[in-house]
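# Sequence first, predicted coordinates after that:
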Amino acid sequence: MRALIAALCCAVLGACSDPSNAEETAAPSVLVGDYRAITDAARTAPGDVTIEHGGLVFSRGAILYTRRLQPRAPSERIARDGLSYAAVVRGADLNIELRRVTEETLANGAASLCGAETPAYVALAHDERSAHVTVLVFTGDEPPGPQATSSRLCGSFAYTLRESGRHGVVL
């Protein structure tokens, strides 16, 4: 009887943990809110951003539909022999939320965030209070990480929390 219960427990646990999908397990928290562009790159290309559970909506017409991946450490490199998230964003006390881009929609003549290439991953680097966020956009078949060789940073856009409207919240 114990062997049957043990086998049943193993089967249930095995069904719950699909190793091929381990990278795409939901992260424990997600950043949401309305943010105003604070750098020239953010103001001229994508514009302000609303960050939602399922994507990023930019005021100039670009929409990125996303799926959350496992959070990253600020000290983690974004590519093999590359800089860390903290070095790229210039901050050590950051939360890094990595998302896979499942679709990009361009409305009203908006330009892609990666020029001629399609965005594949987005990292949201934000402080503890979520008052500031830097959106890092990547192209390539593999997620940014210390072993990545085909992932490339194609855009970095800095934002601050809007004073009115919805607030930046990590849920």
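Yep, that arrived. Numbers count the residues shown, from 1 in each chain.

# low pLDDT regions in the protein?
1-29, 164-171 (pLDDT under 70).

# If you count neighbours, what's buried in the lengthiest strand in the chain?
For the chain, the longest strand by residue count, based on DSSP state E, is strand 95-106. Across strand 95-106, burial judged by 16 or more other CB atoms under 10 Å covers 95-101, 104. (Glycine included, C-beta is placed from N, CA and C.)

# Of those, which is the nearest to Gln70?
Closest to Gln70 out of the buried residues of strand 95-106 is Leu98 (7.0 Å), distances taken as CB to CB.

# Next one: Ala79 relative to Ser112, how far apart?
Look at Ala79 and Ser112: by CB to CB, to the nearest Å, they are 21 Å apart.

# correction: Pro144
From Pro144 over to Ser112 (counting by CB to CB), the distance is 18 Å.

# Who has more neighbours out of the two?
Pro144 (26 against 19; other CB atoms under 10 Å).

# Centre of the chain to stretch 89-109, how far?
Relative to its parent chain, stretch 89-109 has a centroid offset of 4 Å by CA atoms, centre = their mean, to the nearest Å.

# hang on, the earlier thing: can you pull out the residues in contact with the longest strand of the chain?
24, 27, 29-31, 61-74, 76, 85, 112-113, 118-128, 143-144, 170 (CB atoms under 8 Å, 6 or more residues apart in numbering).

# Can you select the buried ones from the residues you listed in PyMOL?
The following PyMOL line selects those of those that are buried, judged by 16+ other CB under 10 Å:
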select buried, resi 27+30+31+62+63+64+65+66+68+69+71+72+74+76+85+112+113+119+120+121+122+123+124+125+126+143+144+170
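
# Next step: the contacts of strand 95-106 restricted to helices.
Judged by DSSP state H, the subset of the contacts of strand 95-106 located in helices is Tyr85.

# got the CA coordinates for the longest strand of the chain in PDB?
The C-alpha coordinates for strand 95-106 follow below in PDB (Å, rounded to 0.1, in the frame of the first residue of the first chain):
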ATOM      1  CA  ASN A  95      14.600  43.700  -9.000                       C
ATOM      2  CA  ILE A  96      14.900  42.100 -12.500                       C
ATOM      3  CA  GLU A  97      11.700  40.700 -14.000                       C
ATOM      4  CA  LEU A  98      12.400  38.900 -17.300                       C
ATOM      5  CA  ARG A  99       9.600  38.300 -19.800                       C
ATOM      6  CA  ARG A 100       9.500  36.500 -23.100                       C
ATOM      7  CA  VAL A 101       7.800  38.500 -25.900                       C
ATOM      8  CA  THR A 102       5.100  36.400 -27.400                       C
ATOM      9  CA  GLU A 103       3.900  39.000 -29.900                       C
ATOM     10  CA  GLU A 104       4.600  42.600 -31.000                       C
ATOM     11  CA  THR A 105       1.900  44.800 -32.400                       C
ATOM     12  CA  LEU A 106       2.600  48.100 -34.000                       C
END
